[in-house]
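A.B. asks: Any chance you can model this:
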Amino acid sequence: MKILIAYYSDTGNTEKVAKAIKEGIIGHEVNLSAVKKVDPLLLGSYDLVFLGSGIYAYAIHRKVSNLINKAPKLPSTFVYFYTHESPNPWPDAFKSIKKTIEQNHCEIIAEFECCGENLKMTDENRQFAMRNLSFEERIQWEKQYELVRGHPNDEDLENAKKFAQSIINKL
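C.D. replies: Take a look at the predicted model:
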């Protein structure tokens, strides 16, 4: 199979997951690329596309959406992956491209998510963002930050690798 792993990563977290996914795919032609370097005209030449993004304002990055919307032909099969700094996964993270993918009769066969620390937010910025929160809300935010600190970690990356292996084994 010819496989593309395309991702958008602002902090490097999603890129780490993309690289782990690549490590999990053996015996196939695999191209790993940042979304901005993927030619939309060639997207349809792949048998399978792993499409990844960090979550920004509750959705995937617009560059991922732009890639899908500019492609004249899409591959028949997609796998989504994303990183986020929230306590819960974002089931509608790929909502912006869902309609396009459905209209092209493509199948989304799986989704992988993991927490990722927002490496661009300094402690000073974090404190500023919490300034108007109640005491309880502040405690909750600090607990959440402790949960995502250092992620994706080695265990997350191993899980991404195993996820990719399981997808390939199913096909």
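
A.B. asks: Identify the residues contacting the lengthiest helix in the chain?
C.D. replies: Looking across the chain with DSSP state H, the single longest helix is helix 154-170. Applying Cβ atoms under 8 Å, 6 or more residues apart in numbering, the set of residues contacting helix 154-170 from outside is 16-17, 19-28, 48, 50, 79, 81, 109-110, 112, 114-115, 152. Where C-beta positions appear, they are placed from N, C-alpha and C, glycine not excepted.

A.B. asks: do that again at 7 Å, thanks
C.D. replies: Where contact means Cβ atoms under 7 Å, 6 or more residues apart in numbering, the residues beyond helix 154-170 that reach it are 16-17, 20-21, 23-25, 28, 79, 109-110, 112, 114.

A.B. asks: List the buried residues in stretch 150-163.
C.D. replies: For stretch 150-163, the neighbour count (16 or more other Cβ atoms under 10 Å) marks 151-152, 156-157, 159-161, 163 as buried.

A.B. asks: now do stretch 52-63
C.D. replies: In terms of neighbour count (16+ other Cβ under 10 Å), stretch 52-63 has its buried residues at 52-55, 59-61, 63.

A.B. asks: Which of these lies at the shortest distance from Glu136?
C.D. replies: The nearest member of the buried residues of stretch 52-63 to Glu136, counting by Cβ to Cβ, is Ile55 at 24.5 Å.

A.B. asks: and that closest one, helix, strand or coil?
C.D. replies: Here Ile55 is recorded as strand under DSSP: H, G, I helix; E, B strand; the rest coil.

A.B. asks: Okay, the residue nearest to it when sequence neighbours are not counted and Phe78: tell me how far apart.
C.D. replies: Nearest non-adjacent residue to Ile55, counting by Cβ to Cβ, 6 or more residues apart in numbering: His84, 4.1 Å away. Using Cβ to Cβ, to the nearest Å, His84 is found at 19 Å from Phe78.

A.B. asks: Can you tell me which helices and strands the host helix or strand of Ser96 packs against?
C.D. replies: In the assignment (DSSP states H and E), Ser96 maps to helix 95-103. Counting by 3 or more Cβ pairs under 7 Å, 6 or more residues apart in numbering; DSSP states H and E, the packing neighbours recorded for helix 95-103 are strand 59-60, helix 62-70.
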